[in-house]
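[1] Below are the sequence and a predicted model; questions follow.
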Amino acid sequence: MSQIQRIFSIELPSLVPLQLPSRMETHLWYVVPDEVKSISLLKHYSQILSPSENDKVLQMRGNKLQKNALLARTLVRTTIARYQTNNVVDPRTLIFKKNMYGKPEVDWQSYKNCDSPPLHFNISHTDSLISCGVTVHVPVGIDLEEMERKIKHDVLALAERFYSADEVKFLSAIPDPEVQRKEFIKLWTLKEAYVKALGKGFSGAPFNTFTIQSKAGTNGGYNLCKFFFRLSSHSGIE
């Protein structure tokens, strides 16, 4: 991946504009890193990133991590740019900032004559998938975890450390260790996405200060629109 340090002068193709999400929609976009094999395409993507972003990509150890970091940043820039009316925002010119907890967002105040509804985005990735969620007017959080990931420590011990009492009780009632492991990961993914939507992250909203429960009658499944978040009175979460 050291080739991405090189600067190319070719013009970037125009991005096809996208219709903005409605207030009740979340648009999800994804990239499968293993399907992107063209070195010339990766070089092309490197033009879209800012110099500081390219520096951060090159600081990653190993070609795979560099490639995934490049794809993640490219996905964010090209996706956000496509939602702007009349394609007025070049993905290369997007300016990002981070809130006090480190969540990235577009610095819309840096743009003049930008009357599009404020877009919110969030990104997550694993070795096998990179995904970006986009909403309008409301915050969004997204998290990806490998369902086949092995957990070195005892599942219930970790749950007692990080999860709420109700979630520990839920996991304790699962007799099959493999099912218990998968439910632990599922809960972790949902909780991570929630605190990312809050814009606080784990440090600002510890996992044991709220509860996620599965919807009754869904056979252990979770309905994205029917999550139950119970915030304890001492949680400090607003």
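    That came through fine.
[2] and the gap between the residue most central in space within the chain and His137?
    Nearest to the mean C-alpha position of the chain, by Cα atoms, centre = their mean, lies Ile123 at 2.4 Å. Distance of Ile123 to His137, given as Cβ to Cβ, to the nearest Å: 19 Å. From N, CA and C alone the C-beta is placed, and that goes for glycine too.
[3] still on that earlier bit, doesn't the residue nearest to the centre of the chain lie inside a strand?
    Yes: with DSSP: H, G, I helix; E, B strand; the rest coil as the criterion, Ile123 is part of a strand.
[4] backbone phi and psi for the nearest residue to it once chain neighbours are set aside, please?
    Nearest non-adjacent residue to Ile123, counting by Cβ to Cβ, 6 or more residues apart in numbering: Cys132, 4.7 Å away. For Cys132, the backbone dihedrals (degrees, to the nearest 10) come out as phi -130, psi 130.
[5] got a list of what Cys132 touches?
    By Cβ atoms under 8 Å, 6 or more residues apart in numbering, the residues touching Cys132 are 28-30, 75-76, 79, 121-123, 142.
[6] State the pLDDT value of the residue nearest to the centre of the chain.
    We have a pLDDT of 94 for Ile123.
[7] In three-state terms, label the spatially closest residue to Val36 that is not a sequence neighbour for me.
    Leaving aside its chain neighbours, Val36 sits nearest to Leu71 (6.3 Å; criterion: Cβ to Cβ, 6+ apart). Secondary structure assignment for Leu71 (three-state DSSP): helix.
[8] thought Leu71 was touching Pro33?
    Yes: contact status for Leu71 versus Pro33: in contact at 5.8 Å, counting by Cβ atoms under 8 Å.
[9] quick revisit: any idea what the residue nearest to Ile123 is bridged to?
    When assigned by DSSP bridges, Cys132 has beta-bridge partners Trp29, Ile123.
[10] tell me the domain boundaries of this structure?
    Following the TED database, one finds the domains of the chain at 27-136, 145-222.
[11] quick revisit: just the pLDDT for the residue nearest to Ile123.
    Cys132 is assigned 95 on the pLDDT scale.
[12] can you give me the helices in the protein?
    Applying DSSP state H to the chain gives helices spanning 39-46, 51-59, 63-82, 155-162, 165-172, 177-198, 201-204.
[13] Save the ones you listed as JSON lines, and put in mean pLDDT and mean neighbour count too.
    JSON lines is the format used below for those (pLDDT from 0 to 100; neighbours: other Cβ atoms under 10 Å):
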{"stretch": "helix 39-46", "mean pLDDT": "92", "mean neighbour count": "16"}
{"stretch": "helix 51-59", "mean pLDDT": "94", "mean neighbour count": "14"}
{"stretch": "helix 63-82", "mean pLDDT": "94", "mean neighbour count": "20"}
{"stretch": "helix 155-162", "mean pLDDT": "92", "mean neighbour count": "16"}
{"stretch": "helix 165-172", "mean pLDDT": "91", "mean neighbour count": "16"}
{"stretch": "helix 177-198", "mean pLDDT": "91", "mean neighbour count": "18"}
{"stretch": "helix 201-204", "mean pLDDT": "70", "mean neighbour count": "14"}
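[14] mind checking which of those is nearest Arg149?
    With Cβ to Cβ as the criterion, Arg149 lies closest to helix 177-198 of the helices of the chain, at 6.5 Å.
[15] on that earlier part again, ok, which of the domains of the chain comes nearest Leu18?
    Going by Cβ to Cβ, the one of the domains of the chain nearest Leu18 is domain 27-136, 4.6 Å.
[16] Span of that closest one from start to end?
    Criterion Cα to Cα, to the nearest Å; first-to-last residue distance in domain 27-136 is 10 Å.
[17] ok, how many other residues are close to Leu15?
    Using other Cβ atoms under 10 Å, Leu15 has 17 other residues around it.
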